[in-house]
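**Student:** What follows is a predicted structure for the sequence shown.
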Amino acid sequence: MTPKVAVLGAGGWGTALALALLRAGRSEVVLWARREAAAQELRSARENVPYLPGVSLPAGLHITSSLDEAVAGAELALVVTPSVGVPDLLAELPPELPLVLCAKGLGPGGERLSDLARAQGFTRLAVLSGPNHAEEIGRGLPAATVIASDDPALAARVQTLLQSASLRPYTSGDPTGVELGGVLKNVLAVAAGMVDGLRLGDNAKASLLTRGLPEMAHYLAWAGAQPGTLYGLSGLGDLMATASSRHSRNRAAGEALALGEQPEQGGKVVEGLRTARLLHDWGKQHGTELPIIHAVSRVAAGEWTAQQAVGALMDREAKAEA
Ligand SMILES: NC(=O)C1=CN([C@@H]2O[C@H](COP(=O)(O)OP(=O)(O)OC[C@H]3O[C@@H](n4cnc5c(N)ncnc54)[C@H](O)[C@@H]3O)[C@@H](O)[C@H]2O)C=CC1
Ligand SMILES: O=C(CO)COP(=O)(O)O
């Protein structure tokens with residue numbers, strides 16, 4: 001029987017993942033959009049004009065706004081709404097459905113999305129993360145990604161479903177590290193955008209991103225991630241892809257903030273701004289210094305200008321690198 005795969009969330013990333021599944025030879029792929037008007041627009045234009053313009057959607061891609069229809073008979077579902085939408089979506093899904101969580105954000109109280117899913121009774125869970133701009137994956141440009149799960153058979157199954165000439169998925173047994181790498185790099189990408197906006201140069205960006213790694217490492221270690229995962233595709237790989245990319249909404253939001261402009265990206269989700277505040281709160285609660293994350297959080301909240309954030313980072317007490 002042909003496996004049916006549901007892709008829940010019709011933004012740029014959900015649309016690109018649906019196309020990646022079709023390219024990998026899956027013939028029954030259903031893309032779910034939250035609003036019927038959006039589903040109708042996708043069906044008639046055969047293009048996701050607001051979120052992934054310039055990429056055609058093949059006739060074989062089924063598009064619906066009915067969640068029941070999307071998941072009926074599906075072997076598994078990719079959850080690709082922005083993180084703020086994940087709790088409501090989980091509440092509507094049957095807990096026996098295997099899920100692949102693809103959003104790069106945290107729950108409303110800073111929870112991992114996989115923990116929220118577990119609390120709702122879901123037991124078959126994987127996460128997918130890596131250096132994967134929707135604009136490039138949607139066009140079939142080559143990339144690698146990581147699928148991590150405590151259930152090796154599920155990770156291997158998702159790998160098989162997605163593997164194609166243009167997407168090379170790796171498996172991992174560290175869902176904690178893979179899930180959180182993408183969450184944290186978004187905040188550093190906002191900071192990198194501020195460096196761009198202020199035209200501080202290449203040395204500043206390399207210094208900032210490298211000093212951001214220990215901040216990522218602190219949080220990942222606290223969460224129980226394996227130390228090496230930070231240096232893989234879902235950590236350093238995604239940080240490299242995002243912090244310099246013309247596609248990155250997080251980087252662009254940082255650039256806008258530095259220029260005194262609004263950080264919104266035309267209705268596209270910018271996860272790093274909300275994540276910065278949640279991680280800042282976590283750092284305060286745990287007495288952990290996260291200077292770059294703290295600076296992004298204060299600029300995002302309008303408490304500091306980007307220039308003040310640079311001053312605060314440069315004025316910190318002298319210390320050893322390690
Ligand atoms: N765009 C990209 O290149 C990548 C994005 N991601 C992550 O995937 C997640 C989704 O991002 P994108 O697809 O880029 O977003 P997007 O900004 O392209 O589109 C957001 C989509 O979600 C819908 N939406 C908004 N609020 C919702 C809610 N409460 N419930 C259900 N749907 C809702 C919008 O109508 C829209 O269709 C984010 O966590 C993002 O960090 C991960 C990898 C790559
Ligand atoms: O996660 C991404 C690429 O891997 C997308 O990053 P942005 O959300 O900053 O566009």
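**Tutor:** That came through fine. Ligands and ions are numbered 1, 2, ... in the order given.
**Student:** got the residues of the protein near ligand 1?
**Tutor:** Proximity of the chain to ligand 1, by CB under 6 Å from any ligand atom, involves residues 9-14, 34, 51, 80-85, 102-105, 132-134, 268-269, 271. For the C-beta atoms, the positions are set from N, CA and C on the backbone; glycine is no exception.
**Student:** Of these, keep whichever come out buried.
**Tutor:** Buried by 16 or more other CB atoms under 10 Å: 9-14, 34, 51, 80-83, 85, 102-105, 132-134, 269, 271, out of the residues of the chain next to ligand 1.
**Student:** now, which of those residues lie within helices?
**Tutor:** Per DSSP state H, helices hold the following members of those: 12, 13, 14, 134, 271.
**Student:** What is the nearest of these to residue 122?
**Tutor:** For those, the residue nearest residue 122 by CB to CB is residue 14; the value is 18.6 Å.
**Student:** Now do the residue lying closest to the closest one once chain neighbours are set aside, the pLDDT please.
**Tutor:** Leaving aside its chain neighbours, residue 14 sits nearest to residue 80 (3.6 Å; criterion: CB to CB, 6 or more residues apart in numbering). At residue 80 the predicted local confidence, pLDDT, stands at 98.
**Student:** contacting residues around residue 80?
**Tutor:** Residues near residue 80 by CB atoms under 8 Å, 6 or more residues apart in numbering: 7, 8, 9, 11, 13, 14, 17, 102, 103.
**Student:** With residue 202 as the reference, measure out to it.
**Tutor:** Going from residue 80 to residue 202 by CB to CB, to the nearest Å gives 33 Å.
**Student:** for the ones in helices among the buried ones among the residues of the chain next to ligand 1, which one is nearest ligand 2?
**Tutor:** residue 271 (6.1 Å; CB to the nearest ligand atom).
**Student:** doesn't residue 86 make contact with the closest one?
**Tutor:** No - contact criterion CB atoms under 8 Å: residue 271 and residue 86 do not qualify, at 11.4 Å.
**Student:** Can you work out which residues contact both of these two?
**Tutor:** Common neighbours of residue 271 and residue 86 are listed as residue 103 (criterion: CB under 8 Å, 6+ apart).
**Student:** For the ones in helices among the buried ones among the residues of the chain next to ligand 1, give me CSV that also has pLDDT and distance to residue 146.
**Tutor:** CSV is the format used below for those (pLDDT from 0 to 100; distance: CB to CB, whole Å):
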residue, pLDDT, distance to residue 146
12, 98, 19
13, 98, 15
14, 98, 18
134, 98, 16
271, 98, 18
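**Student:** Let me know how buried residue 308 is, in neighbour terms.
**Tutor:** Using other CB atoms under 10 Å, residue 308 is surrounded by 13 other residues.
**Student:** contacting residues for it?
**Tutor:** Contacts of residue 308 by CB under 8 Å, 6+ apart are residue 299.
**Student:** Next: residue 8.
**Tutor:** Residues near residue 8 by CB under 8 Å, 6+ apart: 14, 32, 67, 70, 71, 77, 78, 79, 80, 81, 89, 93.
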